[in-house]
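Colleague: take this sequence and fold it.
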Amino acid sequence: MSLIVKVGAVVFILALPLTYVIQLQLLGQHLVIQTLPALVLGLYTRVLDHRGLLIGIAIALAFSFVLPQYATFS
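Modeller: Sure thing, here's the model as predicted:
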């Protein structure tokens with residue numbers, strides 16, 4: 001199953017134009033950068049409330065999906 005998914009991902013990337021591939025890579029990196037601080041702070045500290053972290057990560061992820069639609073990747 002894992003091999004099928006990997007082959008499908010390679011075919012998907014090769015079939016897309018290069019600009020879309022770069023934009024998807026940038027979006028993926030942006031999502032990782034948005035989630036990493038909340039996960040680290042939530043796992044290694046007890047000072048912050050878990051509800052606040054979840055609300056913050058939900059808002060950050062929503063902006064991560066909405067704002068690139070308005071940006072010009074040129």
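
Colleague: count the neighbours of Ala38 for me.
Modeller: Ala38 is flanked by 20 other residues according to other Cβ atoms under 10 Å. All C-beta atoms are positioned from the backbone trio N, CA, C, and that covers glycine.

Colleague: show me what contacts it?
Modeller: By Cβ atoms under 8 Å, 6 or more residues apart in numbering, Ala38 lies in contact with 53-54, 56-57, 60.

Colleague: if we go to 10 Å?
Modeller: 48, 50, 52-58, 60-61 (Cβ atoms under 10 Å, 6 or more residues apart in numbering).

Colleague: the residue nearest in space to the middle of the chain - nearest residue in space that isn't next to it in sequence?
Modeller: Nearest residue to the geometric centre of the chain (Cα atoms, centre = their mean): Leu31, 2.2 Å. Once flanking residues are discounted, Leu31 sits nearest to Ser64: 5.4 Å by Cβ to Cβ, 6 or more residues apart in numbering.

Colleague: from Leu39, how far off is the residue of the chain positioned farthest from its centre?
Modeller: Distance from the centre of the chain peaks at Val47, with 25.8 Å (Cα atoms, centre = their mean). Separation of Val47 from Leu39 (Cβ to Cβ, to the nearest Å): 15 Å.

Colleague: ok, now which ones touch the residue nearest to Leu31?
Modeller: 27-28, 30-35.

Colleague: give me the secondary structure label for Leu48.
Modeller: What DSSP: H, G, I helix; E, B strand; the rest coil gives for Leu48 is coil.

Colleague: sorry, back to before: in which helix or strand would I find the residue nearest to Leu31?
Modeller: If you go by DSSP states H and E, Ser64 is part of helix 50-70.
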